[in-house]
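Undergrad: Structure for this input, please:
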Amino acid sequence: MYDSEGYFVENSINGYSIGDRDKLNFNDDGSLDIYIQHETPKDEKESNWLPAPGDDFNLVIRLYWPRAEILTGAWNPPAVKRVD
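TA: This next block holds a predicted model:
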């Protein structure tokens, strides 16, 4: 998570990314919801929270040692969906 100028977004949890080493809460069906928002989410959702600034930001996905599906374009990350 970067601000519109390319710097980390300062936040109360000093969290700048979410990765496979984080203690995330998966849904019953095995899917994962990540909450990209300015305000802290409620309940167990906070472990899946990526703090965002109140204005423009840049969201970046980094994949280290990607599998062939990623390199060939057979897999694409899921789209970010706005939920009101």
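
Undergrad: For this structure, which segments count as helices?
TA: 68-72 (DSSP state H).

Undergrad: what's near enough to touch Lys45?
TA: Residues near Lys45 by CB atoms under 8 Å, 6 or more residues apart in numbering: Asn25, Asp33, Tyr35. For the C-beta atoms, the positions are set from N, CA and C on the backbone; glycine is no exception.

Undergrad: Measure how buried the last one is and give me the count.
TA: By that I understand Tyr35. 18 (other CB atoms under 10 Å).

Undergrad: My guess is it contacts Asp43. True?
TA: No. Look at Tyr35 against Asp43 with CB atoms under 8 Å: they stay out of range, at 11.0 Å.

Undergrad: Identify the spatial nearest neighbour of Trp49, chain neighbours not counted.
TA: What sits nearest to Trp49 in space, not counting adjacent residues and going by CB to CB, 6 or more residues apart in numbering, is Tyr35, at 4.7 Å.

Undergrad: Model confidence score at that neighbour, please.
TA: You'll see Tyr35 listed with a pLDDT of 93.

Undergrad: contacting residues for it?
TA: Pro41, Lys45, Asn48, Trp49, Leu50.

Undergrad: So Leu32 sits against Ser47, correct?
TA: No. Between Leu32 and Ser47 there is no contact under CB under 8 Å: 10.9 Å.

Undergrad: overlap in contacts of these two?
TA: Common contact partners of Leu32 and Ser47 (CB under 8 Å, 6+ apart): Leu24.
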